[in-house]
Structures are given as C-alpha cells and as structure tokens.
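Enquirer: dropping the sequence and predicted coords here.
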Amino acid sequence: MSSSPVSVLLDGRSFLEAPRWHDGRLWVSDQYLGEVLAVDPRTGDAEVMARLDGHPAGLGWLPDGRLLVVSMIDRRLLRQEPDGGLVLHADLSGYCGGSLNELVVDARGRAYAGNFGFDVMSGEATKPTVLVRIDPDGTTSVAAKDLTFPNGTVIIPLAAPGSAAAPAGLSGVVATLVVAETFDSRLTAFDVTGDGTLLRPRLWADLSSGAGRVAGLPADDRPAATDGICVDAEGAIWVADAYHNRVLRVREGGEVVDEVSTGVEGTYACALGGADGRTLFICTARSFLDSERAATREARLLTSRVDVPAA
C-alpha cells in the first residue's frame, strides 16, 4: 500500500495532543494554549470546551458524559461538571516521575493514565514508571509497573477483531489494553479483567527495527518513537511515530501494513473518526520540546482517508 495524502483541517495552534472522536466532532488538547477543543470535521471550526493552566493532555469521558482531562504539569486528573467548571478527579502527583500524559477510559469509567517517568525536556536519562488506574470515584492505584514512557493507550474488547482470546485457565478477562512505550519503540499489551486489573504483560509489537517496510514505499529500519495510538475495526493499531514524521498501521506481532507520511512535520498523536470512521486525524508539529513550541503557532491537525474504519 502506498502512503495516503493528507489535508489540513486546523492550523495555527501551539501543540495538539490526545485527539478523540466524540459526539460527531474531533476533540483535542492544545497544550500550551491550555485549551480543550472540539473541531468540526467538515469546516475545521474549533470550539473551546475547557480551559486550564496545567497543560491539557489525555482526554476521556465518564459513562454519564462528563469529560476527564489530564493536567500535565501539576499531575492531576480533572473532571468537568455540568456547569462547565473543572474539579479535581484525582491527584496523581505521587505516582509520576515526570509530567502526567495520556489517558484511556473504559466503558465503566475506569481511567488508565501514563506519565513521562523523567524530565524529558531537560534531557534526563529515561527511567521506568507506572501506569495508574483511576476508578470512577477517584480512587487511584498502580495498574502496571516498569514501563518506559507509557504514552498512547487503547482498550480492545475481547470479542473485537484483533483481540486475542484469554489464555487457558485465566477467567474473567474482558479486554486487551495496549500501551505505547515511546522510548522503547514498542507496544505492550495486558489482559484486562472485569474488575479492571491488568494481567500478563507481553509484547504486542516491536518497532525498534524494520518499521515502515510497506510495499511501494522505501524501507526504513530506524526505531519508531511509538507515541499516540488508535485502533481500527480489524484490531490493527495506528501509531504516531514521533521520530520519522509518519503514522504506521501495525498488526499484532509487529507487521507494518500501511503508512501515512506528514512530510517535514512530526507526528505525535492520531485518532480515527468521521461520519464513517474512516478519517485518520493526525496531530503534527515541528518538534515536541516546550522551549521550541510554547511560543509558536505552527501545530496542525491533519486528516487522511483510510480503508478500515474505527473500532
């Protein structure tokens, strides 16, 4: 398959993160402008849905429709009440070795949040960290340990295509959680039980070499920086590769079957959505360093049409 063309839906932003298709629009965080936006997929018009000072990142929704948003710098998870105000849902500062980052929320309102684990902006050496579980009442606990920069995360129901069956003798498994470990160039999977426990960590895809060998495109053996991710109806995962200005479609086991290039712009997150689920939304910027991005307005939201719709 050849690289699909991209179009610009939104530009002039600071640094866009955590895109989510929700209620007919693409929701996304603008980190340095402190805004959560809802973007019309036809016109690119953006409505500000929430404002916060701590750099918004991961987004999700409770079963009753209330928004959860990561406040990166103060390492808190905030909840938007019906009046639009933001309140503390959980203080995660005790778990984080760096900024709080991405988030996924399951159908019962349990959230799983990753963090940098170290001060990436100052060039500190990588350190392992944890994935934190936040229950609907705000109770927090460690869901998984020894992850290297846990970033984009998806949950695949057990009955969904691409989700492996529970191993013999292990009952109560309802889903697979997959998390991108950015600086280890891999996707790591866990079984999810009915009570939200994560079990059996294992490699879902190794993208440390050979990534990008798609028919019709030049081979690229460089490690991929596995950043934001999303899952499609066949159980394949689209991965934003922050090192190489591209988004890769990857099957379990590590086979790369498609690629979308963004040219000179780095890719940091992606989501599937649109009326038919076949629009791939891609967050791009010229770099990720806050010293370079905070004062700029070069970040863009791109779109590309794909064959397989959202899960």
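Expert: Ah, there it is.
Enquirer: name the SS class of Gly94, please.
Expert: When classified by DSSP: H, G, I helix; E, B strand; the rest coil, Gly94 comes out as helix.
Enquirer: now for Ala113, how many residues are close by?
Expert: Residues lying near Ala113 (other Cβ atoms under 10 Å) number 30. Where C-beta positions appear, they are placed from N, C-alpha and C, glycine not excepted.
Enquirer: how about Gly194?
Expert: 11.
Enquirer: and for Arg202?
Expert: Neighbour number of Arg202 under other Cβ under 10 Å is 10.
Enquirer: kindly state the beta-bridge partners for it.
Expert: Ala189 (DSSP bridges).
Enquirer: same deal with Glu35?
Expert: Asp30, Arg51.
Enquirer: ok, the one 4 residues further on next?
Expert: Using DSSP bridges, the bridge partners assigned to Val39 are Leu26, Ala46.
Enquirer: in stretch 187-199, which residues are buried?
Expert: 187-193, 196, 198 (16 or more other Cβ atoms under 10 Å).
Enquirer: hmm, I typed the wrong one, I wanted stretch 15-24.
Expert: Buried, per 16+ other Cβ under 10 Å, within stretch 15-24: 15-22.
Enquirer: columns pLDDT on top of those residues, output as CSV?
Expert: Below are the buried residues of stretch 15-24 laid out as CSV (pLDDT from 0 to 100):
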residue, pLDDT
Phe15, 95
Leu16, 97
Glu17, 97
Ala18, 98
Pro19, 98
Arg20, 98
Trp21, 98
His22, 98
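Enquirer: how about those in TSV, adding secondary structure and distance to Met72?
Expert: Putting the buried residues of stretch 15-24 into TSV (DSSP: H, G, I helix; E, B strand; the rest coil; distance: Cβ to Cβ, whole Å) gives the following:
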residue	secondary structure	distance to Met72
Phe15	coil	11
Leu16	strand	14
Glu17	strand	9
Ala18	strand	10
Pro19	strand	16
Arg20	strand	16
Trp21	strand	22
His22	strand	20
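Enquirer: would you mind measuring from Glu234 to Glu35?
Expert: 34 Å (Cβ to Cβ, to the nearest Å).
Enquirer: so those two - more neighbours on which side?
Expert: More neighbours surround Glu35 than the other of Glu234 and Glu35, with 19 against 16 (other Cβ under 10 Å).
Enquirer: for that one, which residues are in contact?
Expert: 29, 48, 50-51, 56 (Cβ atoms under 8 Å, 6 or more residues apart in numbering).
Enquirer: buried ones only from the residues you listed, please, as a ChimeraX command.
Expert: To isolate the buried subset of the contacts of Glu35 in ChimeraX, counting by 16+ other Cβ under 10 Å, use the following:
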select :29,50,56
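Enquirer: just curious, which of the contacts of Glu35 is nearest to Val87?
Expert: Ala50 (11.5 Å; Cβ to Cβ).
Enquirer: pretty sure the closest one sits against Val70.
Expert: No. Assessed by Cβ atoms under 8 Å, Ala50 is found out of contact with Val70, at 11.6 Å.
Enquirer: shared neighbours of those two, which are they?
Expert: Pro56.
Enquirer: contacts for stretch 177-184 next, please.
Expert: For stretch 177-184, contacts defined as Cβ under 8 Å, 6+ apart pick out 104, 112, 114, 126, 131, 144, 147-156, 186-190, 192, 198, 204, 208, 225-229, 231, 237, 239, 242.
Enquirer: now list the buried members of those residues.
Expert: 104, 112, 114, 126, 131, 144, 147-156, 186-190, 192, 198, 204, 225-229, 231, 237, 239, 242.
Enquirer: the residues you listed in strands, which ones?
Expert: Among the buried ones among the contacts of stretch 177-184, DSSP state E puts 104, 112, 114, 131, 144, 147, 150-156, 186-190, 192, 198, 204, 226-229, 231, 237, 239 in strands.
Enquirer: which regions of the stretch 51-200 of the chain sit below the pLDDT cut-off?
Expert: 118, 120-122, 160-171 (pLDDT under 70).
Enquirer: so how far is Asp227 from the residue nearest to the spatial centre of the chain?
Expert: In the chain, the residue lying closest to the centroid (Cα atoms, centre = their mean) is Gly152, at 2.9 Å. Going from Gly152 to Asp227 by Cβ to Cβ gives 6 Å.
Enquirer: likewise for Arg75?
Expert: 20 Å.
Enquirer: kindly report the same for Leu302.
Expert: Applying Cβ to Cβ to Leu302 and Asp227 gives a distance of 15 Å.
Enquirer: now do the helices in the stretch 201-311 of the chain.
Expert: 290-293 (DSSP state H, counting those that start in this stretch).
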